[in-house]
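A.B. asks: This is a predicted model, with the sequence first.
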Amino acid sequence: MTSNLPVAAGRPTLERSAALAAFFQGMSDPTRMRILELLAERPRTVTELVDDLGLVQGRISSHLTCLRWCGFVRADVEGRFNRYRLVDDRIRDILRLGEAIIRDNADRLTSCLVLAAEHAGGEGD
């Protein structure tokens, strides 16, 4: 199963390490990560995600667009609504593995000065 958005035209093919970095960059935003976690539980509409996350609809939609373009989620029309779901069950596995690594390595992650500097220069929700 794949995303139901077209592939962007005109972008060069990424080399393996750049493609892998782009894959993880798609998950690097805390809001996008929370959306993935919620969709790992069950498919949801934008309205449900707004209620669950307490963010405005425009921010949720922006993050969902990114997740769709990256191929993590898809939108299926159900009546008047789009219902978002994970494209691939392996995303759940990645989330579970990430949680396990965090449990075993949280002090190292929170003390990384490089990540702290990158986060300080970024946007955020």
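C.D. replies: Cool, got the structure.
A.B. asks: low pLDDT regions in this structure?
C.D. replies: Low-confidence segments of the chain (pLDDT under 70): 1-11, 122-125.
A.B. asks: Counting neighbours, which bits of the longest helix seen in it end up buried?
C.D. replies: Ordering each helix of the chain by length in residues (DSSP state H) puts helix 90-110 first. Residues 91, 94-95 are the ones in helix 90-110 that count as buried (16 or more other Cβ atoms under 10 Å). Backbone N, C-alpha and C define where each C-beta goes, glycine included.
A.B. asks: likewise stretch 47-67?
C.D. replies: Judged by neighbour count using 16+ other Cβ under 10 Å, the buried positions of stretch 47-67 are 48-50, 53, 55, 60, 63-64, 66-67.
A.B. asks: Any chance you could list what contacts stretch 29-36?
C.D. replies: Here stretch 29-36 makes contact (Cβ atoms under 8 Å, 6 or more residues apart in numbering) with 26-27, 49, 53, 55, 59-60, 63-64, 66-67, 72-73, 84, 86, 91, 95, 124-125.
A.B. asks: State the distance from the residue of the chain most remote from its centre to E48.
C.D. replies: Here the chain reaches farthest from its C-alpha mean at G79, the gap being 25.0 Å by Cα atoms, centre = their mean. Distance of G79 to E48, computed by Cβ to Cβ, to the nearest Å: 14 Å.
A.B. asks: Show me the strands in this structure, by range?
C.D. replies: Counting by DSSP state E, one finds strands in the chain at the ranges 44-45, 73-78, 81-86.
A.B. asks: can you list the residues that contact the first one?
C.D. replies: Contacts with strand 44-45, where a contact means Cβ under 8 Å, 6+ apart, come from 38, 52, 81-84.
A.B. asks: out of those residues, who's nearest P12?
C.D. replies: Nearest to P12, judged by Cβ to Cβ, of the contacts of strand 44-45 is Y84 at 28.8 Å.
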